[in-house]
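Colleague: Predicted structure and sequence below. I'll ask about it afterward.
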Amino acid sequence: MERKENEYVRRTQKDYPMSFKLSVVKEFEETGMSLRALSRKYGIQGDDTVRKWINKFGTFDWQNRTLQPMEKSKDQELLELREKVKVLERKNARLEKELEAKDMKAEFFDLMIEIAEEEYGIDIRKKCSPEQSSDTRR
């Protein structure tokens, strides 16, 4: 069964990742953008979906039209912390891979220098002492 290009696909809130929902709510609170504009910008079907996210994950009491920050619920804090942990784990894994690649590169260059020193019989590495030589003090 093939789908047409403009066919309407019904989506549920479960289709959106939690980090996406939190970023939309954060943008709403920071910019004051309308619900309709946000749903158009991100391709969310229906303004009510964004409204539900704001009521569920928002830090301000928009229903009572007060700008007093509401305390975050334990569930919301837990979700945010889980998202942060996931982001940090991905970042840590990426940095570990980069470090491993850099170490391998450094080992490769050391090996190449050793081979070049043996092949050509010259010292490539600088051999300087930690103290200044007497010639440079003058």
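Modeller: Now that the structure is in, tell me what you want to look at.
Colleague: residues in contact with the residue at minimal distance from the centre of the chain?
Modeller: The centre of the chain sits closest to residue 87, judged by Cα atoms, centre = their mean, with a distance of 5.6 Å. Residue 87 makes contact with residue 19, according to Cβ atoms under 8 Å, 6 or more residues apart in numbering. Glycine gets a C-beta too; all of them are placed from N, C-alpha and C.
Colleague: my guess is it is in a helix, correct?
Modeller: Yes - per DSSP: H, G, I helix; E, B strand; the rest coil, residue 87 lies within a helix segment.
Colleague: Out of the helices and strands in this structure, which is least certain?
Modeller: helix 47-57 (a mean of 82; mean pLDDT, DSSP states H and E).
Colleague: so where is the chain shaky, pLDDT-wise?
Modeller: Applying pLDDT under 70 to the chain flags the ranges 1-14, 60-71, 128-138.
Colleague: Spell out the residue ranges of the helices in it.
Modeller: Secondary structure of the chain (DSSP state H): helices at 18-31, 35-42, 47-57, 74-120.
Colleague: any idea how far residue 52 is from the residue lying closest to residue 20 once chain neighbours are set aside?
Modeller: Sequence neighbours aside, residue 42 is the residue nearest to residue 20 in space, at 7.8 Å (criterion: Cβ to Cβ, 6 or more residues apart in numbering). Separation of residue 42 from residue 52 (Cβ to Cβ, to the nearest Å): 14 Å.
Colleague: List the backbone torsions phi and psi for residue 121.
Modeller: When read as degrees, to the nearest 10, the backbone of residue 121 gives phi 70, psi 30.
Colleague: ok, how many other residues are close to it?
Modeller: Using other Cβ atoms under 10 Å, the number of residues around residue 121 comes to 7.
Colleague: What of residue 76?
Modeller: Neighbour number of residue 76 under other Cβ under 10 Å is 16.
Colleague: Next up, the contacts around it.
Modeller: The contact partners of residue 76, by Cβ under 8 Å, 6+ apart, come to 56, 57.
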